[in-house]
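Novice: Quick one, fold the following:
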Amino acid sequence: MLIKIDNITKVYEVGTQEVHALRGVSMNIEDNEYLAIMGPSGSGKSTLMNVLGCLDTPSNGTYKFVNESIGEMSDDQLADIRNREIGFVFQTFNLLPRATALHNVELPLIYNGTPAAKRKKIAKEALDRVGLSDRVTHRPNELSGGQRQRVAIARALVNSPKIILADEPTGNLDTRTGEEIMEIFEDLHDNGNTIILVTHEEYIAEHTNRIVRLRDGKVERDESKNGD
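Specialist: Okay, here's the model as predicted:
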């Protein structure tokens with residue numbers, strides 16, 4: 001079991017109000033799964049993504065990542081898991097505007113102390129995997145939206161993470177470019193990555209093997225392509 005969450009809740013204090021973003025979510029995710037998290041605005045899907053990615057901690061419930069309890073980890077241990085085990089892809093790309101594609105992809109390796117020659121080699125290989133070997137020296141403003149998202153995916157790959165978490169990865173792209181990005185995710189899944197993506201687009205979710213639908217902070221439906 002890669003991920004096991006049990007009865008996860010998340011409550012935010014907003015002024016004098018309590019906002020219940022997650023209300024008892026339970027889920028198992030196996031190695032090499034490819035699933036989408038869907039739901040209307042305010043359903044809790046981004047909160048669930050942040051909890052799964054160790055960017056936020058639940059108010060209650062248990063979260064086990066490869067049989068390790070996330071709730072018992074220090075901030076440094078959580079940061080280590082985020083850097084080593086999880087690759088993040090965001091709707092807005094989150095690239096450094098003045099850095100080349102290569103340098104943007106190198107960043108996680110800089111943070112973990114990988115020597116310069118080795119990290120350049122790994123970053124170039126990651127850019128090659130997403131079809132950007134001819135754009136290594138280009139800056140984000142010299143790239144199309146689809147190319148920028150490919151850079152972001154390459155950056156997510158450099159630490160060979162167990163999981164890729166993608167939050168609306170095609171949200172800023174046209175339909176054709178979005179389909180090209182989904183082909184990259186399918187290839188990564190075929191090569192052994194576990195992929196979890198948040199999307200509000202049905203045609204994007206259809207690429208995955210499992211769709212978890214949230215409503216009002218709860219799992220409304222959990223559907224696998226084999227009908228489970």
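Novice: C-alpha only now, for contacts and for neighbours.
Specialist: Fine.
Novice: moving C-terminal of the longest helix along the chain, what's the next helix or strand?
Specialist: Under DSSP state H, the helix in the chain containing the largest number of residues is helix 175-190. Following helix 175-190 in sequence order, the next helix or strand is strand 194-198 (DSSP states H and E).
Novice: relative to helix 175-190, how tilted is the helix or strand containing Arg119?
Specialist: Assigned by DSSP H and E, Arg119 belongs to helix 116-129. Interaxial angle, helix 116-129 versus helix 175-190 (axes from the mean of the first three to the mean of the last three CA atoms, to 10 degrees): 120 degrees.
Novice: Look up which helix or strand Val219 falls in, please.
Specialist: Going by DSSP H and E, Val219 is part of strand 218-224.
Novice: That strand - what's its average pLDDT?
Specialist: Strand 218-224 shows a mean pLDDT of 95.
Novice: neighbouring contacts of it?
Specialist: Strand 218-224 has contacts (CA atoms under 8 Å, 6 or more residues apart in numbering) with 22-26, 43-44, 209-214.
Novice: Most neighbours of all the residues you listed, which one?
Specialist: The residue in the contacts of strand 218-224 with the most neighbours, by other CA atoms under 10 Å, is Leu22 (27 neighbours).
Novice: For the residue lying closest to that one once chain neighbours are set aside, give me its contacts.
Specialist: The spatial neighbour of Leu22 that comes closest, neighbours along the chain excluded (CA to CA, 6 or more residues apart in numbering), is Gly217 at 4.0 Å. By CA under 8 Å, 6+ apart, the contact list for Gly217 reads His20, Ala21, Leu22, Arg23, Gly24, Val25, Gly42, Ser43, Gly44, Lys45.
Novice: Among the residues you listed, show me the least confident.
Specialist: Gly42 (89).
Novice: does that residue belong to a helix or a strand, and which?
Specialist: With DSSP H and E as the test, Gly42 turns up in no helix or strand.
Novice: Hmm, it is touching Asp216, no?
Specialist: Yes. With contact defined as CA atoms under 8 Å, Gly42 reaches Asp216; the gap is 7.0 Å.
Novice: what is in contact with the two at once?
Specialist: Ala21.
Novice: of the two, who's got more company?
Specialist: Asp216 (17 against 14).
Novice: before we move on, back to that, put the alpha carbons of the longest helix of the chain into CSV.
Specialist: Taking Å, rounded to 0.1, in the frame of the first residue of the first chain, the C-alpha atoms of helix 175-190 are listed here in CSV:
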residue,chain,number,x,y,z
THR,A,175,-7.8,21.3,-25.4
ARG,A,176,-5.2,20.1,-27.9
THR,A,177,-2.2,21.1,-25.7
GLY,A,178,-4.0,19.6,-22.7
GLU,A,179,-4.3,16.2,-24.6
GLU,A,180,-0.6,16.4,-25.3
ILE,A,181,0.2,16.9,-21.6
MET,A,182,-2.1,13.9,-20.8
GLU,A,183,-0.1,11.7,-23.2
ILE,A,184,3.0,12.5,-21.1
PHE,A,185,1.2,11.5,-17.9
GLU,A,186,0.1,8.3,-19.6
ASP,A,187,3.6,7.5,-20.6
LEU,A,188,4.9,8.2,-17.0
HIS,A,189,2.2,5.9,-15.6
ASP,A,190,3.1,3.2,-18.1
